[in-house]
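Participant: when you get a sec, could you give me coordinates for this:
(chains A and B)
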Amino acid sequence: MDYTMQFSVVWNNVGLFIQGVFLTLQLALTSIAFGLVLGVLGALGRTSGNKILNAIAVAYVEFIRNTPFLIQLFFFFFGLPGIGLRLTPWQASVLALAINFGAYSTEIIRAGIEGIGKGQIEAGMALGLSKLKVFRHVVLMPALGNIYPSLVSQIVIAILFTSVVSQISAEELTFVGNFLQSRTFRSFEIYLTIAFLYLGIVWFVKFLAFLIQQKFFSFMQYIR
Amino acid sequence: MTGFLFAQSATDQFTLDVIVRNLLLATRWTIALSAIAFIGGGAVGFLIMLFRISPNKILRYISAAYVEFFQGTPLILQLFLTFFGLSVLFNLNLSPWAAAAIALTTYTSAFLGDIWRGSVQAVPQGQWEAGTALGMTYFKQLKRVILPQAVRMSIPPTVGFAVQVIKGTSLASVIGFVELTRSASAISNVTFKPFLLFSIAAVIYFCLCFPLSVLSKQLEKRFATDG
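Facilitator: Residues are numbered from 1 along each chain as shown, chains lettered A, B, ... in the order given. Take a look at the predicted model:
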């Protein structure tokens, strides 16, 4: 091992790394927001009782979950222009990430909806709670509390997935790494730094998730 | 390595059946890499699981950090770190094939190690105590009492994770390993038919992954009802 590590390439380009972190967060946040909308729609389709809507939702979920994200991304970015839909790298990335996240969250949200017992609602009514209060305290919050842990881990996975969009040269953290690597050839130092930046982002998100859980879902420990 | 033939005038000669045949040939490498990652990752993952449940604090911390690193960083960066990083660090000239095999093995081992740790810890503590009461050693308790029960619980998520491994191998294409995704890109570059190529590739991946997903779900149901 005669290689001397030089992290000066990192210090000299600290601004680029910070920019990369923010672009990654922006990309993740945008696509997760759109993805959640798709997930709610998908879950409604799955639980609607309508056969056609259910079949569409199942096909969507299974097809996305059983193909690699990179192929989905290439399909949207390179494939769609073939049928006349040209997207910028950023648009294709948000679209692919949102559709991917939507499929996974569909299943998570469906489980949450199906987890609410009918007897619970009746119990709430029997206690004289108003319909709105039953919805809020008996249906919505426990359902959210049920799906919250799996949703958080899926969000973490989605954040890590954003790195893949560097392959269609959408600008985010990994793209910054590839860019600097090709100029300085300090690949190990750069990629190690970026790996730890992702780890930092993941820990930050997990910490935020923990705070949110303490604030809103602490009642969950009394359920079951 | 892929067995694909660069035709002189690409668009004419890459008919649909030639494309499909080339993609299926490339699928062999996707399967080979998945198998290596799963077998190698299983072996290392078993060790990680042993470390994670070990009574030794240091082993527990080391293995927890290992799992945290590989679960908390993107697979694509792990591939870059292995391919570019190990090459400069140890002055190795790793082939894409070797780098992909190493990176996917470590990635798989972290996840399988964590899945199996969960299964082992789901076995009630009283089972260990019963083993101790019968005068069994630590490893005998593990082998005769704990693992047989943990294995049952761990099979459905392990099969489910195989799907993640197969999908993960597509990322090996970015360091130049020629498998299904890389072949689809390469052929679409000469034929200018990305829509067709990535659709076929997606269908092939689906045919590999979907049966495993279904199997995993069925096993989960069966084990849940067996109690």
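Participant: could you pull out the helices in the chain for me?
Facilitator: All of this is about chain A. For chain A, the helices defined by DSSP state H cover A:8-12, A:14-47, A:51-65, A:69-74, A:89-114, A:118-126, A:131-133, A:141-161, A:173-184, A:187-216.
Participant: um, chain B though
Facilitator: Using DSSP H, the helices found in chain B span residues B:10-13, B:16-52, B:57-72, B:75-80, B:86-89, B:96-122, B:125-133, B:138-140, B:147-169, B:180-191, B:194-226.
Participant: most packed of those helices?
Facilitator: The highest mean neighbour count among the helices of chain B, using mean count of other CB atoms under 10 Å in any protein chain shown, belongs to helix B:75-80: a mean of 26. For the C-beta atoms, the positions are set from N, CA and C on the backbone; glycine is no exception.
Participant: pLDDT below threshold where in chain A?
Facilitator: For chain A, the stretches with pLDDT under 70 are A:1-2, A:224.
Participant: ok, now with 80
Facilitator: Counting by pLDDT under 80, chain A contains low-confidence residues at A:1-5, A:116-118, A:221-224.
Participant: output the lowest mean pLDDT helix or strand found in chain B.
Facilitator: Every helix and strand in chain B was compared by mean pLDDT, DSSP states H and E; the lowest is helix B:10-13, with a mean of 64.
Participant: and residue A:174, what does it touch?
Facilitator: Residue A:174 makes contacts with A:20, A:24, A:163-164, A:166, A:194, B:74, B:76-77, as judged by CB atoms under 8 Å, 6 or more residues apart in numbering or on different chains.
Participant: now with 7 Å, please.
Facilitator: Residues counted as contacts of residue A:174 (CB atoms under 7 Å, 6 or more residues apart in numbering or on different chains) are A:163, A:166, A:194, B:74, B:76-77.
Participant: for the residue nearest the centre of chain B, what are its contacts?
Facilitator: Nearest to the geometric centre of chain B sits residue B:165, at 3.0 Å (CA atoms, centre = their mean). Residues near residue B:165 by CB under 7 Å, 6+ apart: B:34, B:37-38, B:104, B:108.
Participant: same thing with residue B:177?
Facilitator: By CB under 7 Å, 6+ apart, the contact list for residue B:177 reads B:96-97, B:100.
Participant: what does chain B put close to chain A?
Facilitator: Listed as neighbours of chain A in chain B under the rule CB under 7 Å from any CB of the partner chain: B:69, B:72-74, B:76-77, B:80-81, B:84-85, B:88-91, B:163, B:167, B:170-171, B:174, B:181, B:185, B:188, B:194-195, B:198-199, B:201-202, B:205-206, B:209-210, B:213.
Participant: and for residue A:6, the neighbour number?
Facilitator: Neighbourhood size, residue A:6 [other CB atoms under 10 Å in any protein chain shown]: 12.
Participant: got it, and residue A:124?
Facilitator: Per other CB under 10 Å, the neighbour tally for residue A:124 reads 19.
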